[in-house]
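[1] Quick one, structure for this:
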Amino acid sequence: MISVGIDVSKGKSTVSIMKPGGEILAKPFDVLHNIESLNALTHQLQSYDEEVRVVLEATGHYHFPVMTMLSEVMVNLTLRLSQAVTVGGLFDVLRNVFLSIFI
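    Sure, this is the predicted structure:
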């Protein structure tokens, strides 16, 4: 199983990809909200050839392009939409973990 956390903002999203146990598959990276970047993200997630579980931050209407692309293209996908208030603390924890690993 692949776990993906997506922090959504106005014109881009920051994506983190991990396996259970904390194995980092991709350092956090930005994905623009355009067809090319979103296609690249879906191809990357499909290349793992495993079940993909995505937690996506609901931010007004900014999450719609990402959510739509993932749900239309990905077959083996579980998509969870979470409110920003709930996700905020999680991303602070993840950011601290990533900083402690990479710095």
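[2] Residue 65 - how many residues pack around it?
    19 (other C-beta atoms under 10 Å). To be clear about C-beta, it is placed using only N, CA and C from the backbone, and glycine gets the same treatment.
[3] With residue 50 instead?
    If you count neighbours by other C-beta under 10 Å, residue 50 ends up with 12.
[4] Which residue is the nearest non-sequential neighbour of it?
    Leaving out its chain neighbours, the residue that sits closest to residue 50 by C-beta to C-beta, 6 or more residues apart in numbering is residue 2, at 5.3 Å.
[5] can you tell me how far the one you found sits from residue 12?
    Applying C-beta to C-beta, to the nearest Å, the value for residue 2 to residue 12 is 21 Å.
[6] Please compute how far the longest strand along the chain lies from its chain's middle.
    Criterion DSSP state E: the longest strand present in the chain is strand 24-32. Distance of strand 24-32 from the chain centroid (C-alpha atoms, centre = their mean, to the nearest Å) equals 8 Å.
[7] Quick check: phi and psi on the residue nearest to the spatial centre of the chain?
    Nearest to the geometric centre of the chain sits residue 6, at 3.0 Å (C-alpha atoms, centre = their mean). The phi and psi values for residue 6, taken as degrees, to the nearest 10, are phi -120, psi 120.
[8] beta partners for it?
    Using DSSP bridges, the beta-bridge partners of residue 6 come out as residue 15, residue 56.
[9] For it, give me its contacts.
    Listed by C-beta atoms under 8 Å, 6 or more residues apart in numbering, the contact set of residue 6 reads 13, 14, 15, 16, 54, 55, 56, 57, 66.
[10] all helices for the chain, in order.
    35-47, 64-73, 84-102 (DSSP state H).
[11] Quick check: the closest residue in space to residue 20 that isn't next to it in sequence vs residue 41, distance?
    Using C-beta to C-beta, 6+ apart and skipping the chain neighbours, the partner closest in space to residue 20 is residue 1 (6.2 Å). Note on residue 1: its distance to residue 41, by C-beta to C-beta, is 18 Å.
[12] Have a look at the two and say which one is more surrounded.
    residue 41 (23 against 12).
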